[in-house]
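Undergrad: pasting the sequence and the predicted coordinates here, then a few questions.
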Amino acid sequence: MEFPRALAIPLAYMPLAAIERAAGLLFQRVLKEHPDLFERLGEYKSKRFAFLPSDLPLAFIVEPAGPSIRVTRKQAMQDLADASVEGPLFLLLALLEGRCDADALFFSRDLSVTGDMEAMLAMRNALDGADIDLPRDLSRLAGPLAPLFGEMGRDIRRRALNGETSRWN
Amino acid sequence: MELICPAGTPAAFREAVDAGADAVYCGFRDETNARSFPGLNFSRQELREAIAYARRHGTQTFVALNTFMRAGDEEIWYRAAADAVALEADALILADFGLMAHVAERYPEQRLHVSVQASASNVDAINFLVDAFHAKRIVLPRTLTIADIARIAPQIRCEIEAFVFGGLCVMAEGRCSLSSYATGKSPNMNGVCSPASHVRYRQEGTELVSELGDYTINRFPAGEAAGYPTLCKGRFDIADSPAYAFEDPVSLDVMGEIDALSAAGVSALKIEGRQRGKAYVAEVVSTLKKVLSAGPEQRTALLMHLRGLSEGQKTTSGAYEKRWR
């Protein structure tokens, strides 16, 4: 499933600083839940990784050495990353959780990868080796409302990935 | 029959155990195993925890030390063997005769399996390894037909494990130099086939172009399923038309023949894919467990949806049902 176009269009006009702040908050939350997330990267920790949702006008640049996340418009991202992966947002999120097999998505041409393949392979394996569950991990930001937000997140995930070659853990 | 399942990370290991693997095979995070890819494999502590997890669930752990030792650096492999023994691995999967001799002499109680990388494919070779190093199991190279296996099985003095699902190369395990030719690195010596450091992908118009070292491996038109950037599955200009010189981008699936494999003497079925993600491991292991307990008429439907996870989204029975000379 692609990210709804009606929601994607406004992102092209929203201030990048606001999007980056939101992305940074979520990124830090995931890192708090998984402090060893980038341990498997080894020597590739100093590389910059671009995640390019094909259904959004944005690029998300992750620098594990920081660790930090940067958001930019796609047309402005040239040379900002050593390795890039591009695909629909929900598939990228599924990869982040290790719920879809990256090789299978590559075979089916749902994902494309460019740049430093060794670094990207290390990142793929690092993410796959973690136990990220975005609805669980991120809903903790909602304090006492965490169960409600967690359930909403799981429902969105279920609908978004329905029909994909994936298995819900 | 036992189902032997791959794991490249502790997360994939747990998925394999939870999905019902009889044994999980894995390797250390170094060049001692034939899947030494960045970010993959186990630290000593991770393997200790994985073995404990497997034991609690009645699953065995096999440790692959299946690259060939580099002269002068044998200590790397000896140390890995010592650690795997100390961690109480249920079996070591070995390819190098020198390492087999070392393990057989130093750790005579340790169960030893012969890796597919040893390329032992006839009665004399297999029985030599049984007699010399007390090998308890042979993982057969994917060069034999089911009829070949049936002829060999009664004459050898160890168990037979056969690959039934997953990646398939040109069936010259342990002897393939294609990756080495293109990149200087091979699965046999370095644990990497077509190392990612030498792989490039680029979009050229509507085509996805894959390159390995100085070689263009393939050009996939829009909509065509892609494959790994290995020389053995490259599409080259042959007599002015593009064609696969060695083999197509395709994966092995011989699960439809498990009755015949069992009758031939195979006691363990192996899934390839330590480099694949935990979602792949979970899906394939749980499906193949169902296949093992399903009747022949139900197997095709169960196996059908695994095709989407396979290289090139196609599968083959390879040499098991050899129809070529």
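TA: Ah, there it is.
Undergrad: looking at chain A, which helix is longest?
TA: Secondary structure of chain A per DSSP state H: the longest helix is helix A:16-33.
Undergrad: list of residues touching the very next helix or strand once past that helix?
TA: Sequence-wise, the next helix or strand downstream of helix A:16-33 (DSSP states H and E) is strand A:49-53. The contact list for strand A:49-53, computed with Cβ atoms under 8 Å, 6 or more residues apart in numbering or on different chains, reads A:3, A:59-64, A:74, A:77, A:80-89, A:92, A:115, A:119-120, A:123. The way it works is simple: take the backbone N, C-alpha and C, and place the C-beta from them, glycine included.
Undergrad: got it, and stretch B:39-54?
TA: Counting by Cβ under 8 Å, 6+ apart, A:40-42, A:44, A:121-126, A:129, B:7-10, B:13-14, B:17, B:24, B:26-30, B:33, B:35, B:60-61, B:63, B:83-84, B:87-89, B:274-275 sit against stretch B:39-54.
Undergrad: try it again at 7 Å.
TA: Stretch B:39-54 has contacts (Cβ atoms under 7 Å, 6 or more residues apart in numbering or on different chains) with A:40-41, A:121-122, A:125-126, B:8-10, B:13-14, B:17, B:24, B:26-29, B:33, B:60-61, B:83, B:87-89, B:275.
Undergrad: near chain A, which residues of chain B? Just list them.
TA: B:8-11, B:37-40, B:196-197, B:199-203, B:208, B:225-227, B:276-280, B:282-283, B:308-309, B:311-313 (Cβ under 7 Å from any Cβ of the partner chain).
Undergrad: residue ranges of the strands in chain A, please?
TA: Ranges of strands in chain A, per DSSP state E, are A:49-53, A:58-63, A:68-73, A:83-87, A:112-115.
Undergrad: show me what the third one packs onto, helices and strands only.
TA: Counting by 3 or more Cβ pairs under 7 Å, 6 or more residues apart in numbering or on different chains; DSSP states H and E, the packing neighbours recorded for strand A:68-73 are helix A:16-33, strand A:58-63.
Undergrad: ok and the first one relative to strand A:68-73, angle-wise?
TA: With axes from the mean of the first three to the mean of the last three Cα atoms, to 10 degrees as the basis, helix A:16-33 and strand A:68-73 are set at 150 degrees to each other.
Undergrad: in helix A:16-33, what's buried?
TA: A:19, A:20, A:23, A:27, A:29, A:30, A:31, A:33 (16 or more other Cβ atoms under 10 Å in any protein chain shown).
Undergrad: hmm, the fifth one is touching residue A:136, no?
TA: No: with contacts counted by Cβ atoms under 7 Å, residue A:29 stays clear of residue A:136, the gap being 10.9 Å.
Undergrad: got the end-to-end distance for stretch A:54-70?
TA: 17 Å (Cα to Cα, to the nearest Å).
Undergrad: for chain A, give me its nearest residue in the stretch 201-325 of chain B.
TA: Among all residues of the stretch 201-325 of chain B, residue B:280 sits closest to chain A, at 3.9 Å; criterion: Cβ to the nearest Cβ.
Undergrad: list of residues touching stretch B:317-324?
TA: Contacts for stretch B:317-324 (Cβ under 7 Å, 6+ apart): B:142, B:143, B:144, B:145, B:146, B:168, B:171, B:252, B:254, B:257.
Undergrad: now list the buried members of those.
TA: B:142, B:143, B:144, B:145, B:146, B:168, B:171, B:252, B:254, B:257.
Undergrad: looking at those residues, which are in strands?
TA: Reading strands off the buried ones among the contacts of stretch B:317-324 with DSSP E, I get residue B:252.
Undergrad: ok, so of the buried ones among the contacts of stretch B:317-324, who is nearest chain A?
TA: residue B:168 (13.8 Å).
Undergrad: pretty sure that closest one is touching residue B:253, no?
TA: No: Residue B:168 is beyond contact range of residue B:253, at 9.1 Å (criterion: Cβ under 7 Å).
Undergrad: circling back: quick one: which of the contacts of stretch B:39-54 sit in helices?
TA: Going by DSSP H, the helices hold A:121, A:122, A:125, A:126, B:10, B:13, B:14, B:17, B:83 from the contacts of stretch B:39-54.
Undergrad: make a markdown table out of those and add pLDDT, neighbour count and distance to residue B:127.
TA: Shown next, in a markdown table, are these (pLDDT from 0 to 100; neighbours: other Cβ atoms under 10 Å in any protein chain shown; distance: Cβ to Cβ, whole Å):
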| residue | pLDDT | neighbour count | distance to residue B:127 |
| --- | --- | --- | --- |
| A:121 | 94 | 23 | 40 |
| A:122 | 95 | 27 | 42 |
| A:125 | 94 | 25 | 39 |
| A:126 | 95 | 24 | 44 |
| B:10 | 96 | 21 | 37 |
| B:13 | 98 | 30 | 33 |
| B:14 | 97 | 22 | 37 |
| B:17 | 98 | 25 | 33 |
| B:83 | 98 | 17 | 30 |
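Undergrad: just to revisit the earlier point, now tabulate the helices and strands packed on strand A:68-73 in a markdown table and tack on mean pLDDT.
TA: Formatted as a markdown table, these follow (pLDDT from 0 to 100):
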| stretch | mean pLDDT |
| --- | --- |
| helix A:16-33 | 94 |
| strand A:58-63 | 96 |
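Undergrad: next up, the contacts around the residue nearest the centre of chain A.
TA: The centroid of chain A falls nearest to residue A:93 when counting by Cα atoms, centre = their mean (4.6 Å). Contact analysis of residue A:93 by Cβ under 7 Å, 6+ apart lists residue A:134.
Undergrad: try it again with 6 Å
TA: If you count contacts by Cβ atoms under 6 Å, 6 or more residues apart in numbering or on different chains, residue A:93 has none.
Undergrad: tell me the pLDDT at it?
TA: Residue A:93 is assigned 94 on the pLDDT scale.
Undergrad: then residue B:323?
TA: In this model, residue B:323 carries a pLDDT of 76.
Undergrad: that one: neighbour count?
TA: 7 (other Cβ atoms under 10 Å in any protein chain shown).
Undergrad: fine, thanks again, bye for now.
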